[in-house]
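Asks: Sequence below, structure please.
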Amino acid sequence: NFDGLHLLYVGTLNGREIEKTIIGFERFYQAHKNDLPLSYTIAGDGYRGELGQLKSRVSELHLDGVVTILGYVGHADLEPLWGKCNLEVSFVPINESYDVQPPTETFEYLLAGMPVIATGTTENKRIVSADNGVIIVDTADDFSQGLERILANQETFTSATMRQSVAENH
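Replies: Residues are numbered from 1 along each chain as shown. Prediction:
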């Protein structure tokens, strides 16, 4: 259901540069806040103060109530979050450390029937296509542009298509 665009990121905040997604989302939000309901939920924690830094950034950008940073959420408590969101964020920096790492989160999201906005690591490029999401570079600008592409193509995304696109990896 794309009556609105409701993003979800679940994962560690350590070294993931999630701040770029918040900045990119803010740009998209400013362009579309009067067009459709928008939200971004971030579930995760870090050990270098990332949680507090992200909360501060959300306040600085006046996104309180639009971007929600929950901190750590146990696996058993994730289902309600997936129920209210319709776009999953699979964002890692594009660098040697992450490039060939299997994108577990991307698989989980697609198997749950959700399209993804994913950074263009070698491994994400193998599974993300125009049928199940968009590939972006790891910048705030490209995150915002990726959201534009999702919005423009939202009618092509169905849960069945998402699941089928990675069924062989189940």
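Asks: rest of the way, CA atoms for contacts and neighbours
Replies: Noted.
Asks: Report the spatially nearest residue to Ile23, omitting neighbours in sequence.
Replies: Ala140 (5.7 Å; CA to CA, 6 or more residues apart in numbering).
Asks: Wait, Leu7 touches Lys84, no?
Replies: No - assessed by CA atoms under 8 Å, Leu7 is found out of contact with Lys84, at 9.1 Å.
Asks: For these two, indicate the residue with more neighbours.
Replies: Leu7 (23 against 14; other CA atoms under 10 Å).
Asks: residues contacting that one?
Replies: Contact analysis of Leu7 by CA atoms under 8 Å, 6 or more residues apart in numbering lists 39-41, 85-89.
Asks: now these as a markdown table including distance to Ser59, secondary structure and neighbour count?
Replies: Converted to a markdown table, those look like this (distance: CA to CA, whole Å; DSSP: H, G, I helix; E, B strand; the rest coil; neighbours: other CA atoms under 10 Å):
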| residue | distance to Ser59 | secondary structure | neighbour count |
| --- | --- | --- | --- |
| Ser39 | 15 | strand | 19 |
| Tyr40 | 14 | strand | 23 |
| Thr41 | 14 | strand | 21 |
| Cys85 | 22 | coil | 21 |
| Asn86 | 24 | coil | 20 |
| Leu87 | 23 | strand | 24 |
| Glu88 | 22 | strand | 27 |
| Val89 | 21 | strand | 26 |
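Asks: List just the nearest of these to Tyr109.
Replies: When these are ranked by distance to Tyr109 (CA to CA), Glu88 comes first, at 6.4 Å.
Asks: Was I right to think Met114 contacts Ser159?
Replies: Yes - contact criterion CA under 8 Å: Met114 and Ser159 qualify, at 6.1 Å.
Asks: These two: which has the busier surroundings?
Replies: Applying other CA under 10 Å to Met114 and Ser159 shows that Met114 carries more neighbours, namely 26 against 17.
Asks: how close does that one sit to Leu7?
Replies: 10 Å (CA to CA, to the nearest Å).
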